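Enquirer: Give me coordinates for this.
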Amino acid sequence: MGKSPGLTFPLSCPHLPPCPAGHPSSPPVVDTVYGKVLGKYVSLEGSAQPVAIFLGVPFAKPPLGSLRFAPPQPAEPWSSVKNTTSYPPMCSQITGAGPVLSQVFTNRLEGIPLEYSEDCLYLNIYSPVDLMTKSRLPVMVWIHGGGLLSGGASTFDGLVLSTHENVVVVTIQYRLGIWGFFSTGDKHSPGNWGHLDQVAALRWVQDNIANFGGNPGSVTIFGESAGGESVSVLVLSPLAKNLFHRAISESGVVLTPCLFRKDTRPGAEQVAVATGCETTSSATMVQCLRQKTEEELLETTLKMVGAPFPRYPVLTTVVDGVVLPKAPEEILAEKNFNTVPYILGINKQEFGWYIPTVRTRKPLDRWPPDPLLCPPTSGGWANISEELTTEATEEYLGRTDDPVKKKELFLDLMGDVMFCVPSVIVARGHRGAGAPTYMYEFQYRPSFASDTRPKTVIADHGDDVYSVFGIPFLKGNSSVLAVSLQSGGLGSSLALVALSKFCYPRLHFGLTVTGLRHRPFLASLLLPCKEEGYSCALSQSHSES
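Expert: Predicted coordinates:
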């Protein structure tokens, strides 16, 4: 596994106290189908329950050489015990974006170095059980976000979720950007390589997780933003059939603008031209790009989208005939997909601060609304028609001349178009196929939110992830009572409990229809949801049935 010069950055990690009394005296060693792996025991401060942690477990061969732009292959077996106690490199991505994302969206405290590498198909495992017993706990497989361009399995620590909710947590990596989603739209490079990596990781879980104390018959996949979109793709994919049993999409689905595209050829040619490759044929482009170094493809990425953050993913999920045999709308209409129990959620202000300021590096007052509502191919963020753009902007912005209010309403419009509407459409399609379907809206500002963003921003894009992974428990607040959110008194423990209990077959949400917003552009979609029994607010209760 090579190290690319200049591609190392600090990632924070929790302060871990000395092993308490009763801690196993020897580190855990577990058999996988490829060989034995050595892990380590760690206990959350304030808890006597040790968690067995395995970091950087390979689930596929390194996707190098001829395996670039190819489906992942099974990992090579090994004979000695593999040391899996250090974090794996993140998949190749834009230098700069990864570090910032990992600092903004993390539940860790202290800095550790992480590297980038094209050799990145690894996963991390957190198991709270005594591995000498026959315990079989529910499994939660986390798919990270980052616009299909950045992020990694190690940004979030599964220790709190595993400890407090007694589940086996698995965080996985998948190829990103050019490496993960380059598609010529034909047999030479169908695309969706990152999603194929996700499928390979889920197959690995089915084959191996029992030895880590997990139940392969009770696997929940969950993810946020591009991770939520990936979950939505897997729900629709025939390749993922029987690989998971519940699903949770937070702030992202397959219909989310900027993360899915039907016409792949322009993006492929854009990559080829930026890399100095001929575009005469698909075969020529693929052969040329396979010969480029990792650094050359990173330079190409920077040319295409700008540094440190892209305006939108140039390469996205596509209809490849394998992961997605048809367009998502067709699959939903035909009701031919994995009809597992499914939770979909949005945050109150998805376009509140992070996306319009950090991801784009543009002052918000300089943005006219119309261009952002254009399709990504035209430099916009959304994907609605010109007629609907006019109608939507008039409905949202036409009733006030106050520039401050107009800005707030425009952010509401963008959040609705990009996240709320697609999530509701997917939820209705899923429920229409007869599957248990739930929706929530996360409505709280974490007390540990960044001081750099306005105090008026409540439940920004990504805020829910802090609570799901229990950031305050690793930031010095080990008491459940000490973990709270500034609005309404809901704690991190709520999101932890709510989503994790969904993973237990006989535990369900006590969902109520409260906090539903009746915005003009959403009314035709959200009002039927209320009538049909969806929930658009996170309830504090759960009950055993």
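Enquirer: pLDDT weak spots in the chain?
Expert: 1-23, 95-113, 306-313, 358-387, 447-452, 472, 475-545 (pLDDT under 70).
Enquirer: Please, which helix or strand holds the residue nearest the centre of it?
Expert: Centroid check for the chain by CA atoms, centre = their mean gives residue 227 as the closest residue, at 2.0 Å. Here residue 227, judged by DSSP states H and E, is contained in helix 226-236.
Enquirer: circling back: look up how far residue 253 lies from the residue nearest to the centre of the chain.
Expert: Residue 227 sits at a distance of 11 Å from residue 253 (criterion: CB to CB, to the nearest Å). All C-beta spots, glycine's among them, are computed from the backbone N, C-alpha and C.
Enquirer: Show the contacting residues for the nearest residue to residue 436 once chain neighbours are set aside.
Expert: Spatial nearest neighbour of residue 436, chain neighbours left out: residue 341 (4.1 Å); criterion: CB to CB, 6 or more residues apart in numbering. Contacts for residue 341 were tallied using CB atoms under 8 Å, 6 or more residues apart in numbering; they are 245, 246, 247, 435, 436, 437, 438, 502.
Enquirer: what's the distance between residue 341 and residue 245?
Expert: Residue 341 is 8 Å from residue 245, by CB to CB.
Enquirer: Not counting sequence-adjacent ones, nearest residue to residue 337?
Expert: Residue 337's closest residue in space is residue 236 (CB to CB, 6+ apart), at 4.6 Å.
Enquirer: burial of that neighbour, as a residue count?
Expert: Applying other CB atoms under 10 Å, we find 24 residues neighbouring residue 236.
Enquirer: Distance check, it against residue 254.
Expert: 6 Å.
Enquirer: joint contacts of the two?
Expert: 324, 328.
Enquirer: For the stretch 151-300 of the chain, which segments count as helices?
Expert: Under the criterion DSSP state H, counting those that start in this stretch, the stretch 151-300 of the chain carries helices at the ranges 159-165, 177-181, 193-208, 226-236, 265-275, 282-291, 294-305.
Enquirer: one step back: close enough to count as contact, the residue nearest to the centre of the chain and residue 148?
Expert: No - using CB atoms under 8 Å, residue 227 makes no contact with residue 148, being 9.5 Å away.
Enquirer: shouldn't residue 152 be in contact with residue 90?
Expert: Yes - using CB under 8 Å, residue 152 is in contact with residue 90, at 3.5 Å.
Enquirer: Which residue is the nearest non-sequential neighbour of residue 137?
Expert: Closest to residue 137 by CB to CB, 6+ apart is residue 168, at 5.2 Å.
Enquirer: Ignore what I typed, I meant residue 61.
Expert: residue 73 (4.5 Å).
Enquirer: Over to that neighbour: give its phi and psi.
Expert: phi -110, psi 150 (degrees, to the nearest 10).
Enquirer: Which residues are in contact with it?
Expert: Applying CB under 8 Å, 6+ apart, the residues near residue 73 are 60, 61, 67.
Enquirer: and these, which are buried?
Expert: Applying a neighbour-count criterion of 16 or more other CB atoms under 10 Å, the buried members of the contacts of residue 73 are 60, 67.
Enquirer: which one of the contacts of residue 73 sits closest to residue 421?
Expert: Nearest to residue 421 among the contacts of residue 73 is residue 60, at 35.3 Å by CB to CB.
Enquirer: shouldn't the closest one be in contact with residue 72?
Expert: Yes - assessed by CB under 8 Å, residue 60 is found in contact with residue 72 at 3.8 Å.
Enquirer: Residues that sit against both of those two, list them.
Expert: 121, 197, 200.
Enquirer: Please name the nearest non-neighbouring residue to the second one.
Expert: Across the structure, with CB to CB, 6+ apart as the measure, the residue nearest residue 197 apart from its sequence neighbours is residue 174 (3.8 Å).
Enquirer: swap in the first one?
Expert: Spatial nearest neighbour of residue 121, excluding adjacent residues (CB to CB, 6+ apart): residue 60 at 4.2 Å.
Enquirer: Contact partners for that neighbour?
Expert: Residue 60 neighbours (CB under 8 Å, 6+ apart): 72, 73, 74, 75, 121, 197, 200, 201, 204.
Enquirer: Filter these down to the buried ones, PyMOL style.
Expert: Selection of the buried residues among the contacts of residue 60 in PyMOL, burial being defined by 16+ other CB under 10 Å:
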select buried, resi 72+75+121+197+200+201+204
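Enquirer: Redo the contacts of residue 60 as CSV? Include distance to residue 182.
Expert: Converted to CSV, those look like this (distance: CB to CB, whole Å):
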residue, distance to residue 182
72, 15
73, 18
74, 22
75, 23
121, 17
197, 14
200, 18
201, 20
204, 24
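Enquirer: Out of the contacts of residue 60, the closest to residue 324 would be?
Expert: Distances from residue 324 to these, taken by CB to CB, are shortest for residue 197, at 15.1 Å.
Enquirer: so how far is residue 239 from the closest one?
Expert: Per CB to CB, residue 197 is found 12 Å from residue 239.
Enquirer: Highest neighbour count among the contacts of residue 341?
Expert: Highest count within those by other CB under 10 Å belongs to residue 247, 26 neighbours.
Enquirer: hang on, that one packs against residue 337?
Expert: No - with contact defined as CB under 8 Å, residue 247 and residue 337 do not form a contacting pair (10.7 Å).
Enquirer: For stretch 391-401, list the C-alpha coordinates in CSV.
Expert: Extracted in CSV, the C-alpha atoms of stretch 391-401 (Å, rounded to 0.1, in the frame of the first residue of the first chain):
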residue,chain,number,x,y,z
GLU,A,391,-43.3,29.0,-10.2
ALA,A,392,-41.2,27.9,-7.2
THR,A,393,-39.3,31.1,-6.8
GLU,A,394,-42.5,33.1,-7.1
GLU,A,395,-44.2,31.0,-4.4
TYR,A,396,-41.2,31.1,-2.0
LEU,A,397,-39.7,34.5,-2.6
GLY,A,398,-42.5,36.6,-4.2
ARG,A,399,-44.3,37.5,-1.0
THR,A,400,-41.6,39.7,0.6
ASP,A,401,-39.2,42.4,-0.3
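Enquirer: Mind listing what's buried along it?
Expert: For stretch 391-401, a neighbour-count test (16+ other CB under 10 Å) marks 392, 393, 396, 397 as buried.
Enquirer: ditto for stretch 185-201
Expert: Result for stretch 185-201 [16+ other CB under 10 Å]: buried residues 185-186, 188-201.
Enquirer: Tell me how far that stretch lies from the chain's centre.
Expert: What separates the centre of stretch 185-201 from the centre of its chain is 17 Å, taken as CA atoms, centre = their mean, to the nearest Å.
Enquirer: what about that stretch, start to end distance?
Expert: 24 Å (CA to CA, to the nearest Å).
Enquirer: Now residue 51: phi and psi?
Expert: phi -120, psi 130.
Enquirer: residue contacts, it?
Expert: 41, 42, 43, 44, 126, 127, 128, 159, 162, 163.
Enquirer: residues touching the residue nearest to residue 197, list them.
Expert: Residue 174 touches 91, 121, 143, 180, 194, 195, 197, 198, 201, 230, counting by CB under 8 Å, 6+ apart.
Enquirer: And residue 186, how far from residue 268?
Expert: From residue 186 to residue 268 the distance is 10 Å (CB to CB).
Enquirer: same deal with residue 72?
Expert: 21 Å.
Enquirer: Same question for residue 406.
Expert: From residue 406 to residue 268 the distance is 39 Å (CB to CB).
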